[in-house]
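S.K.: predicted coordinates and the sequence they were generated for:
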Amino acid sequence: MRVHIETYGCTRNKADAEMMEALLLRAGYEVVDLDSADYVIMNTCAVKDPTEKHMARRIKELLDSGKRVIVTGCLPHVNPSAIDERVSGILGVKSIDRIIGAIELAERGEKLINVEGWRERSIDKLEIPRVWKGGVVFVVPISEGCLNACTYCATRFARGVLKSYKPGLIVKWVKEAVAKGYKEIQLSSEDTGCYGFDIGTNLARLLDEITSIEGEFRIRVGMMNPNNAVKVLDELIEAYKDNKIYKFLHLPVQSGDNEILKRMGRPYTVEEFEEIVREFRKHIKDLNLNTDIIVGFPGESEEAFQNTVELIKRVRPDKINVSRFSPRPGTVAARMKDQIVGWRVKERSRYLHRLRLSISYEINRRYLGREMEVLTHGEGKKGGIEGRTMNYKDIILPEAPVGEFVKVKVTKTTSTYLLGELVD
């Protein structure tokens with residue numbers, strides 16, 4: 001039996017796909033390209049409405065082309081009605097260990113639908129085998145679910161409440177990845193900031209354990225919510241000082257208006273967000289700050305939007321991920337009455353995007369002429385060799401060995417990446 005896995009969305013989904021591939025190979029299945037496949041596993045994302053629509057279209061395309069499709073990922077939890085009824089099986093994110101059973105049932109003309117009851121399932125995904133694809137980057141999930149209850153978020157319907165994986169298992173996976181030659185370890189979670197709160201530890205302690213592993217590698221810490229990061233702020237900053245940790249902080253604020261934050265169910269204030277940023281910048285040189293903004297959230301007045309603009313001008317993040325609010329099924333925000341008209345949401349989004357590019361360009365200009373250490377990742381989408389600086393800035397080199405730490409001089413800058421050349 002030949003199977004193809006098609007994965008969308010976050011790094012968590014990428015790790016889930018590698019787990020399913022390992023289970024398939026262990027059971028004697030072939031994992032092949034799309035054209036050769038008997039079955040396609042669609043590992044879906046449903047974080048936004050446009051993404052969901054794309055998933056639904058893609059499932060239909062595959063079915064219309066004659067492929068048998070099994071759907072996994074977040075879509076079965078967020079909006080199962082978007083899934084074409086012709087699919088051969090549906091598995092939730094905590095049922096990926098049942099992928100073999102789903103195919104076996106489909107071969108007998110039965111359909112396994114295993115989505116409900118995920119709250120009762122408590123599998124530790126780090127105990128599931130994974131394929132080693134090789135390369136530079138290896139994703140290590142550290143937990144699943146979160147402790148927040150954001151009124152706009154549908155991902156929590158899929159991933160659930162926080163379940164932190166055991167530190168010993170995480171360290172074991174990192175050690176093995178480093179031993180196999182991976183140079184960048186990406187710690188992945190819905191919210192890394194709350195890691196360990198359910199098992200009596202925290203992210204800073206985990207980072208201390210990982211940085212003590214021998215070898216030359218770097219750690220990219222995934223997104224953390226401000227209300228959880230602040231609880232371990234001092235320890236976290238101390239951990240970040242280690243040379244093995246990228247000086248990269250993904251701290252989503254979502255809005256610069258405290259009333260909108262309350263409506264979003266975000267349990268922190270703008271002032272608390274700014275305090276975290278100040279403390280990190282005080283102690284971590286060249287911090288690369290990324291944040292997220294949702295524009296057009298229900299009830300966002302012109303004044304509230306301007307508060308967000310002013311926050312961005314004050315904080316000046318290196319990068320801002322701007323999203324237009326889209327109501328997700330089953331969320332509180334989808335039922336709010338004061339929805340913002342589409343043209344206004346687009347207008348605000350475009351303004352923030354222009355502001356973000358302007359700020360990013362000014363920040364990146366400061367790197368011109370600097371010599372920096374870079375980890376090369378591989379061929380860039382537009383040519384050259386793509387790499388990451390030690391604060392996780394994207395840099396393109398005309399040529400360089402892949403998967404190596406190299407010394408580079410920055411020769412040109414843009415709003416979104418740097419350009420450089422090797423230094424002898």
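M.R.: Received, thanks.
S.K.: buried residues in the longest helix along the chain?
M.R.: The single longest helix within the chain, with elements called by DSSP state H, is helix 342-365. Using 16 or more other C-beta atoms under 10 Å as the test for burial, helix 342-365 gives Val345, Arg348, Ser349, Leu352, Leu355, Arg356, Ile359, Ser360, Ile363, Asn364. Where C-beta positions appear, they are placed from N, C-alpha and C, glycine not excepted.
S.K.: what's the most distant pair in those residues?
M.R.: By the measure C-beta to C-beta, Val345 and Asn364 form the most distant pair in those, at 28.0 Å.
S.K.: show the contacting residues for Ile128.
M.R.: When contacts are counted by C-beta atoms under 8 Å, 6 or more residues apart in numbering, Ile128 is found next to Met19, Ala22, Leu23, Ile96, Asp97.
S.K.: quick one: it from Val78, how far?
M.R.: Here the criterion is C-beta to C-beta, to the nearest Å. By it, Ile128 lies 23 Å from Val78.
S.K.: Gly403 too?
M.R.: 36 Å.
S.K.: ok, those two, which is more surrounded?
M.R.: Taking other C-beta atoms under 10 Å, Gly403 and Val78 do not tie; Val78 has more neighbours (25 against 18).
S.K.: keeping just the C-alphas, turn the helix or strand hosting Ile237 into CSV.
M.R.: Per DSSP states H and E, Ile237 falls inside helix 233-240. Extracted in CSV, the C-alpha atoms of helix 233-240 (Å, rounded to 0.1, in the frame of the first residue of the first chain):
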residue,chain,number,x,y,z
LEU,A,233,10.5,36.3,33.2
ASP,A,234,13.7,36.5,35.2
GLU,A,235,14.6,32.9,34.8
LEU,A,236,13.7,33.0,31.1
ILE,A,237,16.0,36.0,30.4
GLU,A,238,18.8,34.2,32.2
ALA,A,239,18.3,31.1,30.2
TYR,A,240,18.2,33.2,26.9
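S.K.: any chance you could map the helices in the stretch 151-300 of the chain?
M.R.: Along the stretch 151-300 of the chain, counting by DSSP state H, counting those that start in this stretch, helices occupy 155-159, 167-179, 203-211, 226-229, 233-240, 258-264, 270-283.
S.K.: format these as TSV; extra columns: mean neighbour count and mean pLDDT.
M.R.: Output for the helices of the stretch 151-300 of the chain, formatted as TSV (neighbours: other C-beta atoms under 10 Å; pLDDT from 0 to 100):
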stretch	mean neighbour count	mean pLDDT
helix 155-159	21	77
helix 167-179	16	97
helix 203-211	20	98
helix 226-229	23	97
helix 233-240	18	98
helix 258-264	19	98
helix 270-283	16	98
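S.K.: identify the bridge partners of Val71.
M.R.: Taking DSSP bridges as the rule, Val71 bridges to Met42, Ile90.
S.K.: so it touches Val40, yeah?
M.R.: No. The pair Val71 / Val40 is not scored as a contact, 9.5 Å apart, by C-beta atoms under 8 Å.
S.K.: pLDDT at Gly117, what is it?
M.R.: pLDDT, Gly117: 61.
S.K.: the spatially closest residue to Arg266 that is not a sequence neighbour bridge partners, please.
M.R.: The spatial neighbour of Arg266 that comes closest, neighbours along the chain excluded (C-beta to C-beta, 6 or more residues apart in numbering), is Gln254 at 5.9 Å. Bridge pairing for Gln254 (DSSP bridges) gives the partners Ile293.
S.K.: contacts only, for Gln254.
M.R.: Gln254 neighbours (C-beta under 8 Å, 6+ apart): Leu261, Met264, Arg266, Asp292, Ile293, Ile294, Phe297.
S.K.: now swap in Lys412 and tell me
M.R.: Neighbours of Lys412 in contact, by C-beta under 8 Å, 6+ apart: Leu368, Leu418, Leu419, Gly420.
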